[in-house]
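1. This is a predicted model, with the sequence first.
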Amino acid sequence: MQADPTDQQRLLDLAAEDVALTQLAHRRRTLPEEAAVETAAEAERTFAVEVVRTETDVRDLDREQTRLEADVETVRQREDRDQKLIDSSSTSAKDITGLQHELESLKRRQGDLEDQVLELMERREVAEAALQASRDGQQQAAADLERATQQRDDALADIADGTARHESVRAEIAAQLPAPLLALYDRIRTQNGATGAALLKARQCQGCRIELFGKELAAVRSADPSEVVRCDNCGRILVRTAESGL
Ligand SMILES: [Zn+2]
């Protein structure tokens with residue numbers, strides 16, 4: 001293929017745009033901000049589970065406390081009833097002795113229940129603190145997630161801007177190139193997934209970093225400047241300049 005040496009040199013500008021676009025695409029795929037969003041979302045989910053668990057703990061303890069308080073009340077009512085019977089003039093001495101025994105046993109029971117209520121209140125305090133801590137954690141994690149999402153979105157917007165800018169420059173360069181040369185460049189670029197042309201600098205292909213020698217070097221050396229030459233190793237169009245060392 002023949003192409004004006006100036007057009008061949010323009011391929012380097014095209015390649016520079018393709019390198020920039022590849023870098024932007026890579027940055028988009030490996031965005032650290034994206035990983036930060038995932039980490040924050042994971043923390044938020046963990047705290048949400050913890051909130052549910054600690055809420056259940058507090059609710060269970062509340063239920064237990066209600067039941068204990070009902071027991072305390074039942075015992076108190078029986079004590080009142082027994083005491084009234086003891087105080088009543090119509091109760092026999094024998095019954096009074098029986099009632100006094102029952103009253104003692106009720107008071108022991110009452111004491112046990114009150115101990116249990118106290119112990120339960122302590123456990124509830126601990127559970128309440130754990131619930132508060134998990135709610136605080138969830139709130140913090142939600143704020144972290146929001147911030148990370150904002151930073152990720154900003155980074156994505158930056159990448160989108162850069163991509164649009166480089167695509168526009170690339171389109172301008174491409175529009176000025178002869179169609180067959182551009183088609184060849186694009187075909188090579190599609191094959192290697194990077195660029196279709198590289199500078200030949202000090203006899204080295206800047207695309208694959210292989211230095212030309214022997215027959216290949218002799219062929220490139222003797223080729224007419226308007227001849228499109230390609231790297232035997234990577235297939236890229238070799239753009240010759242004063243730096244080529246030929
Ligand atoms: Zn090469």
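-> Everything's here; your move.

2. what residues does this protein put near the ion?
-> For the chain, the contact set with the ion under Cβ under 5 Å from the ion comprises 205, 207, 208, 231, 233, 234. In short, each C-beta sits where N, CA and C put it, glycine included.

3. Of those residues, which pair is most distant in space?
-> Farthest apart among the residues of the chain next to the ion by Cβ to Cβ are 207 and 233. That separation is 8.5 Å.

4. Pick out whichever of these two has more residues nearby.
-> Using other Cβ atoms under 10 Å, the more surrounded residue of residue 207 and residue 233 is residue 207, with 24 against 14.

5. mind checking the SS state of the more buried one?
-> Of the three states, residue 207 takes coil under DSSP: H, G, I helix; E, B strand; the rest coil.

6. Read off the pLDDT value for the residue lying closest to it once chain neighbours are set aside.
-> Distances taken as Cβ to Cβ, 6 or more residues apart in numbering put residue 198 closest to residue 207, at 3.2 Å, once the chain neighbours are dropped. As predicted, residue 198 sits at a pLDDT of 98.

7. Wasn't residue 198 part of a strand?
-> Yes - according to three-state DSSP, residue 198 belongs to a strand.

8. what about the strands in this protein?
-> Along the chain, counting by DSSP state E, strands occupy 197-201, 204-205, 229-230, 237-240.

9. Would you reformat those as TSV and include distance to residue 73 and mean neighbour count?
-> Shown next, in TSV, are these (distance: least, Cβ to Cβ, whole Å; neighbours: other Cβ atoms under 10 Å):
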stretch	distance to residue 73	mean neighbour count
strand 197-201	90	22
strand 204-205	93	20
strand 229-230	96	20
strand 237-240	94	23
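
10. Which one, of the ones you listed, ends up nearest to residue 92?
-> Taking Cβ to Cβ, strand 197-201 is the member of the strands of the chain nearest to residue 92, at 117.2 Å.
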